[in-house]
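Colleague: Predicted model and sequence follow; I will ask about them next.
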Amino acid sequence: MKKFETDLVVIGCGAAGLSSALSALENGLNVINVERASRENMGGSTRWTEANLLLKTGPDQKKFEIADQFLFSYGMFSSFHTDPEILAETSKDYDSWSMLAKTTPFLDPEVLGTFADSVPSTLDWITDKGVVIETTPQYIPYCIETLPYAKVYGGGLAIVETLTAKIEELNGKFLFETTANELIEEDGTVVGVRCSGKNNETIEVYGKVVLASGGFQGNPQMLVQYQGEESRYLRPVAKGTHYNKGEGLKMALDLNAATAGDWSDSHRQVIDPRSAMSEAMVNIWPFAMMVNQQGKRFMDEAPSNILEWQEKPAQEITKQPGGIAYVIYDEKLASNTDSNWKYGIRTELQPIKADNLNKLALKLGIPKDQLISTVEEFNKACVNEDKVDYNKGSALTMTLDGAGTENLTPPKQNYAKAIDQGPYYAYPVISSVCITYGGLRVNGQAQVVNASGEVIPGLYAAGETVGMHYGTYTVGTSVLRGLCFGRIAGLHAANKAAQ
């Protein structure tokens, strides 16, 4: 068995773990990062993300500032039917909150406020280290209303490489191919972590602990346990998320940590299952038709409620037989060069193509009679197709045209144009999991709170390991959350206040 002693042990090397380690090192602590991946693959989800940031952008912004939608979106999806008297306590000073207010699963306004307030200083801090943030407007092909995003130049990989180099300059240490699996506790205080190294060697690292090990999207057992049997069809959205197996959460729960966030749900993206690339998204269903393996439609592909364009399609696909569906369109859309509809395609693979629906059904392995019947029924209901304007529905403008079907179940409320001109095209699509919502409850200093509402001394959590989402993900905030709370944890561990 090997033993190491340090001031701070950070579990994970994504945005949260690296920012925690670097901020602690800068303030005089010795730090060891524990990372289950090899050095070449370090970084978890962060390594693979584009690192979009929900910020105000454009030439008028002289400093980093969260977008107006930031607090609105988090506030709209902050809990499920929480007792109003418990919520009312949050208007008081945090120290006076009852145990129920500190442990009931809702988005703690103290935590959200700290998050929002820390964004400008945190981004100033990482740009000072060499991370470049592009503040020109960015567009994300989720087929939702365009929001003002900035973006890290070089994506999350740039964050990983830049902060890792800075950590090593300050003599921070890394234990690669090492998995943390048990917190070491003395008299109620966390004093270290027990790990498994190569050849299952036991390694103990002593110091305060930051859990920045992500969620559990790489653990099929936990996905099915918390999100139901349909979750067996989910695939991590990128290779880095396969490393997120939930040990950080399990370790804290073993110490009676309080939970937060929706453990039954996750942020998902619709991807092409044939592709091995990261985020191989296919988000063109609003301009097409979606059927399952039985050849039947199962959802409104273009509802007028824009909020249903983000998570619901992925959720519905997961419920279908085999957890797979097919986005079908015809030559009318394929040949449209005026619209930006193809902006919603990220996969590098071409769609499946056939001269007629019979051949398309054969290639897809779905009943041809049912597919033809479904398409005919859909076409008959497209009574407003002359009003369909694909240009309005581009990923860049996102103006609904109101040209929906009539007498069709489920309806299609916008862009309902008959699919009747060969050749025909189809993309197979599945749901991938990006971020699990269930996590730990922390206070504004990133300290983990137990089920009695008390801080667990010596234990912090940051990034996806912290539960903050209920029902819908606030897009463009995951990297921000990791950076901000990672830094907060490192500063608090060094007894410094975040500026």
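Modeller: Thanks, I have the structure now. Note that this is a predicted model, so its numbers are computed, not measured.
Colleague: where does the stretch 101-250 of the chain have low pLDDT?
Modeller: The model of the stretch 101-250 of the chain has pLDDT under 70 over residues 137-147.
Colleague: Now with 50, please.
Modeller: 142-145 (pLDDT under 50).
Colleague: Can you give me the distance of residue 404 to residue 386?
Modeller: 13 Å (C-beta to C-beta, to the nearest Å). In this view, the C-beta of every residue, glycine as well, is placed from N, C-alpha and C.
Colleague: Report the strands that pair with the lengthiest strand in the chain, each with its relative direction.
Modeller: In the chain, taking DSSP state E as the definition, the longest strand is strand 424-436. Paired with strand 424-436 in the same sheet, following DSSP bridges, are strand 235-236 (parallel), strand 266-271 (antiparallel), strand 324-330 (antiparallel), strand 352-354 (antiparallel).
Colleague: wait, which of the ones you listed is closest to residue 101?
Modeller: strand 266-271 (26.1 Å; C-beta to C-beta).
Colleague: Which of residue 404 and residue 386 has more residues huddled nearby?
Modeller: residue 404 (23 against 9; other C-beta atoms under 10 Å).
Colleague: pLDDT wise, what is residue 496 at?
Modeller: pLDDT, residue 496: 64.
Colleague: To clarify, my last question referred to residue 472.
Modeller: pLDDT, read off for residue 472, is 89.
Colleague: Please apply the same query to residue 341.
Modeller: At residue 341, pLDDT is 82.
Colleague: The chain should start at 596 in everything you say after this.
Modeller: Will do, 596 is the new start, and the previous item becomes residue 936.
Colleague: Tell me how many other residues surround the closest residue to it other than its chain neighbours.
Modeller: Spatial nearest neighbour of residue 936, chain neighbours left out: residue 882 (5.1 Å); criterion: C-beta to C-beta, 6 or more residues apart in numbering. Residues near residue 882, counting by other C-beta under 10 Å, number 24.
Colleague: Could you do residue 1068 as well?
Modeller: 21.
Colleague: buried stuff in stretch 770-784?
Modeller: For stretch 770-784, burial by neighbour count (16 or more other C-beta atoms under 10 Å) applies to 770-771, 773-780.
Colleague: helix or strand for residue 1055, which one?
Modeller: strand 1050-1056 (DSSP states H and E).
Colleague: same question, residue 872
Modeller: Following DSSP H and E, there is no helix or strand that holds residue 872.
Colleague: Test my guess that it contacts residue 943.
Modeller: Yes - at 6.0 Å, residue 872 counts as touching residue 943 under the criterion of C-beta atoms under 8 Å.
Colleague: Looking at these two, which is more packed in?
Modeller: Neighbour count, other C-beta under 10 Å: between residue 872 and residue 943, residue 872 has more, with 15 against 11.
Colleague: sorry, back to before: which residues does the residue nearest to residue 936 contact?
Modeller: By C-beta atoms under 8 Å, 6 or more residues apart in numbering, the contact list for residue 882 reads 897, 924, 928, 934, 936, 985, 988, 1010.
Colleague: now residue 1084
Modeller: Counting by C-beta under 8 Å, 6+ apart, residue 1084 has contacts 611, 615, 618, 805, 807, 1040-1041, 1055-1057.
Colleague: at 10 Å instead, please
Modeller: Residues near residue 1084 by C-beta atoms under 10 Å, 6 or more residues apart in numbering: 603, 605, 611-612, 614-616, 618-619, 803-807, 1037, 1040-1043, 1054-1058, 1061, 1093.
Colleague: Mind pulling up the pLDDT for it?
Modeller: 98.
Colleague: What distance do you get for it to residue 675?
Modeller: On the measure of C-beta to C-beta, residue 1084 and residue 675 end up 27 Å apart.
Colleague: and if you look at residue 1034?
Modeller: Taking C-beta to C-beta, one finds residue 1034 at 16 Å from residue 675.
Colleague: neighbour-wise, which of the two wins?
Modeller: Using other C-beta under 10 Å, the more surrounded residue of residue 1034 and residue 675 is residue 1034, with 28 against 11.
Colleague: in the sheet, who's paired with that one?
Modeller: Those that pair with residue 1034 in a beta bridge, by DSSP bridges, are residue 855.
Colleague: Can I get the helix or strand following the strand holding residue 1055 in PDB? Just the C-alpha atoms.
Modeller: Remark: after strand 1050-1056, the chain's next helix or strand is helix 1073-1088, criterion DSSP H and E. Output of helix 1073-1088 as PDB, limited to C-alpha atoms (Å, rounded to 0.1, in the frame of the first residue of the first chain):
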ATOM      1  CA  SER A1073     -21.800  23.200 -17.000                       C
ATOM      2  CA  VAL A1074     -18.300  24.400 -17.700                       C
ATOM      3  CA  LEU A1075     -19.000  27.700 -15.900                       C
ATOM      4  CA  ARG A1076     -20.300  25.700 -12.900                       C
ATOM      5  CA  GLY A1077     -17.200  23.500 -12.800                       C
ATOM      6  CA  LEU A1078     -14.800  26.500 -13.000                       C
ATOM      7  CA  CYS A1079     -16.600  28.600 -10.500                       C
ATOM      8  CA  PHE A1080     -17.200  26.100  -7.700                       C
ATOM      9  CA  GLY A1081     -13.900  24.400  -8.300                       C
ATOM     10  CA  ARG A1082     -12.200  27.700  -7.600                       C
ATOM     11  CA  ILE A1083     -14.500  28.500  -4.700                       C
ATOM     12  CA  ALA A1084     -13.600  25.100  -3.100                       C
ATOM     13  CA  GLY A1085      -9.900  25.600  -3.600                       C
ATOM     14  CA  LEU A1086     -10.000  29.100  -2.100                       C
ATOM     15  CA  HIS A1087     -12.100  28.100   0.900                       C
ATOM     16  CA  ALA A1088      -9.800  25.200   1.600                       C
END
